[in-house]
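Novice: whatever this is, show me its structure:
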Amino acid sequence: MVVSANRLELLQIADAVAREKSIDRSIVIDAMAEAIQKAAKSRYGQETNILVEIDTKTGEIHLQRILEVVEHAEDYSTQIPLDLARDKDPEVEIGGQVSETLPPMDFGRIAAQSAKQVIVQKVREAERDQQFGEFKDRIGEIINGTVKRVEYGNVIVDLGKGEAIIRRDETIPRENFRYGDRVRAYIYDVRREQRGPQIFLSRTHPQFMAKLFTMEVPEIYDGVIEIRCVARDAGSRAKIAVISNDSSVDPVGACVGMRGSRVQAVVGELQGEKIDIIPWSPEPASFIVNALQPAEVSKVVLDEEAERIDVVVPDDQLSLAIGRRGQNVRLASQLTGWDIDIMTEHDESERRQKEFADNTAKFIEALNVDEMVAQLLASEGFGSVEEVAYVEAVEISSIEGFDDDTADELQARAKEFLDKQAKELDDERKKLGVSDDLLQIDGLTSAMLVALGKEDIKSLEDFAGCAVDDLCGWTERKDGEVQRFDGALKDFKVSRVDAEHMVMFARVKAGWIDEADLLPKVVEGEEAEAVVGETEADVVFAEVTEEVAVAEAPAEIETAVEAEVEAETIPDAGTEQN
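Specialist: Here you go, the predicted model:
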């Protein structure tokens, strides 16, 4: 046994350090033991296996050397012969270990300094680990701190138990901080780094505003009102969508508060940022119309497959709908997750006229009919020669002025045109070098094969190697703007589900995967009962486009799907606070 310092004093030091650094006492004692071990190795040799134990009740230090039992020892600092080892432990065998108590030792100046460095390092590491664990669990919370310093626009915040940073791009524009200022921010990331845990704060994060509303609105804190989504242009404008789980509670009114008291508290913290509080709706059309407030919307056309929407507004509402530098439509797009295109009623009328003229010209050329017949087909909603060729004949004969003979003749001409077109496209396909193997894939037309050939997708392996995005296109959000990138089949109404099925079929044909891997797994018991009756025939893959007409009052929408119109009432579209 060796005691290098007063035993009681040793424990008192450990207790004091543990309290000061807010770490566990055992961590400090382990650090002391490691420091003593390092000092002992400097005396007995670095290769020596030394075990140090500190009694946590008495403070006594036990120093032992661990020796390996061998038949003939070559290094007596780490090994011991079997005969000598059995004097200490009669049952020990070769390969075992025996311990040897070392005599008391005094720390020299260098050894003491080295031990001190080890203790300081271990305590600092423990402190960092504790800070990391504490703040890692607080990601997503709002925290208060004091400005310690500002470096190149980055704000260093003292949190009491550590420091955090608000980067320049995470501060609200035109916001200035000085030493000693109290600051409130949102913890969005905590990283473990060599120099200690790095805590990153933000005042521009959308969830910062959501958390502020949670603090100011008791109904949100209690779960009566939910914040579904938030979009911010920090320091300028924001939109927040809320919904009430209690029909007797108005979500917008609750967030605004009496005379705007609640929302004004949030606005004050965000340096005067204007906030639009929007009622959330599960119906995309209603939600998007609400999100575009204060602009009035006349009509929306949804493309659910592409999550894209065309919004028609009165001519005098265009600038209001778009907003300053596109701010209003950009925030609405971020809030809803839809790609929004704004157009005026005049532009929409011109587009419809152009579509009507294009379809009329198409029918005149393909069906060899006069202009009046072509216009009748276009006005009845026929948009392609394929529709004329393959719809039920009664749908054509029921058009005013048409009869059964006219319908049969038009369908015959349409099919003749399509056959001729298919022959021309097939010749072009062969000229491009597109493999005949691709003809096996159900859903790929000759026109699609020509389009694929122009994109250098010519073999079964080429097609099997495609991703769905390569065929249908994709969208990316950069700097708040949604950018659309076209796929190889951009000119065809191919859903992502159909594209995936075609690609997987190609991979089976190419031998990349086994067809059995695509079959649904067999389920038993309750799970089997739940899926009884589900067949491939129950699932219809189609690109759905809804056209929604909005009445003069912004709270009322008329949704038109395939010429059937029905009214739908929308709640008040939102409240803007200046």
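
Novice: distance between stretch 165-185 and the chain's centre?
Specialist: Centre-to-centre, stretch 165-185 and its host chain are 26 Å apart (C-alpha atoms, centre = their mean, to the nearest Å).

Novice: what do you get for stretch 204-212?
Specialist: Centre-to-centre, stretch 204-212 and its host chain are 16 Å apart (C-alpha atoms, centre = their mean).

Novice: mean confidence for that stretch?
Specialist: Per-region confidence: stretch 204-212 scores 94 on mean pLDDT.

Novice: same question, stretch 504-523
Specialist: Mean predicted lDDT for stretch 504-523 stands at 77.

Novice: buried stuff in it?
Specialist: 504-507, 509-510 (16 or more other C-beta atoms under 10 Å). To be clear about C-beta, it is placed using only N, CA and C from the backbone, and glycine gets the same treatment.

Novice: what of stretch 70-89?
Specialist: Judged by neighbour count (16+ other C-beta under 10 Å), stretch 70-89 contains these buried residues: 70, 73, 78, 80, 82, 85.

Novice: nearest spatial neighbour of the fourth one, chain-adjacent residues omitted?
Specialist: Of all residues beyond its chain neighbours, the one nearest residue 80 is residue 67 (4.1 Å), with distances taken as C-beta to C-beta, 6 or more residues apart in numbering.

Novice: mean confidence score for the helix or strand where that neighbour lies?
Specialist: Per DSSP states H and E, residue 67 falls inside strand 61-70. Averaged across strand 61-70, pLDDT comes to 80.

Novice: helices or strands up against that strand?
Specialist: helix 25-44, strand 50-54, strand 79-81, helix 82-88, strand 97-101 (3 or more C-beta pairs under 8 Å, 6 or more residues apart in numbering; DSSP states H and E).

Novice: repeat that for 7 Å
Specialist: helix 25-44, strand 50-54, strand 79-81, strand 97-101 (3 or more C-beta pairs under 7 Å, 6 or more residues apart in numbering; DSSP states H and E).

Novice: out of the buried residues of stretch 70-89, which comes closest to residue 216?
Specialist: Closest approach to residue 216 among those (C-beta to C-beta): residue 78, at 67.5 Å.

Novice: tell me the domain ranges of the protein?
Specialist: The chain breaks down into these domains under automatic domain parsing: 7-132, 138-202, 349-493.

Novice: so where is the stretch 1-150 of the chain shaky, pLDDT-wise?
Specialist: 1-10, 104-116 (pLDDT under 70).

Novice: still on that earlier bit, just how off-centre is the strand holding residue 67 within its chain?
Specialist: 56 Å.

Novice: buried sites along it?
Specialist: 61-65, 67-70.

Novice: and if you look at stretch 485-502?
Specialist: Those would be 487-489, 492, 494-496, 498-499, 501-502, for stretch 485-502 by 16+ other C-beta under 10 Å.

Novice: run a quick neighbour tally on residue 33.
Specialist: 20 (other C-beta atoms under 10 Å).

Novice: what separates the residue nearest to residue 80 from residue 263, distance-wise?
Specialist: Residue 67 sits 75 Å away from residue 263, going by C-beta to C-beta, to the nearest Å.

Novice: equivalent analysis for residue 383, please.
Specialist: Counting by C-beta to C-beta - residue 383 and residue 263 are separated by 47 Å.

Novice: neighbour-wise, which of the two wins?
Specialist: residue 263 (22 against 15).

Novice: which residues are in contact with the helix or strand hosting the more buried one?
Specialist: Per DSSP H and E: residue 263 is located in helix 261-269. Applying C-beta atoms under 7 Å, 6 or more residues apart in numbering, the external contacts of helix 261-269 come out as 184, 209, 212-213, 216-217, 255-257, 273, 275, 277, 577.

Novice: same check, this time on stretch 400-418
Specialist: 366-368, 376, 385-386, 388-389, 393, 396-397.

Novice: can you give me the strands in the stretch 101-250 of the chain?
Specialist: For the stretch 101-250 of the chain, strands defined by DSSP state E, counting those that start in this stretch occupy the ranges 142-151, 154-158, 163-166, 182-193, 196-202, 225-233, 237-244.

Novice: over to the stretch 251-400 of the chain?
Specialist: Along the stretch 251-400 of the chain, the segments classed as strands by DSSP E, counting those that start in this stretch run 274-279, 299-303, 308-313, 339-344.

Novice: buried set for the first one?
Specialist: With burial defined by 16+ other C-beta under 10 Å, the residues of strand 274-279 counted as buried are 275-279.

Novice: given it, what are its sheet partners and their directions?
Specialist: Counting by DSSP bridges, the strands paired with strand 274-279 are strand 237-244 (parallel), strand 575-577 (antiparallel).

Novice: nearest to residue 434 among the contacts of helix 261-269?
Specialist: Looking across the contacts of helix 261-269 and measuring by C-beta to C-beta, the closest to residue 434 is residue 209, at 53.0 Å.

Novice: ok, that closest one to residue 203 distance?
Specialist: In terms of C-beta to C-beta, residue 209 sits 10 Å off from residue 203.

Novice: please give me every residue in contact with the nearest residue to residue 254 once chain neighbours are set aside.
Specialist: Nearest non-adjacent residue to residue 254, counting by C-beta to C-beta, 6+ apart: residue 219, 4.8 Å away. By C-beta under 7 Å, 6+ apart, the contact set of residue 219 is 225, 249, 254.

Novice: most surrounded residue in those?
Specialist: residue 225 (23 neighbours).

Novice: wait, that one touches residue 247, no?
Specialist: No - in this structure residue 225 lies outside contact range of residue 247 using C-beta atoms under 7 Å: 12.0 Å.

Novice: near residue 209, how many other residues are there?
Specialist: With other C-beta under 10 Å as criterion, residue 209 counts 26.

Novice: for it, which residues are in contact?
Specialist: Residues near residue 209 by C-beta under 7 Å, 6+ apart: 230, 232, 238, 240, 266, 270.

Novice: hmm, try it at 8 Å
Specialist: 230, 232, 238, 240, 266, 270, 273, 275 (C-beta atoms under 8 Å, 6 or more residues apart in numbering).

Novice: just those residues now: which is nearest residue 163?
Specialist: residue 270 (23.9 Å).

Novice: any stretches of the stretch 351-500 of the chain with poor pLDDT?
Specialist: Using pLDDT under 70, the stretch 351-500 of the chain drops low at 477-482.
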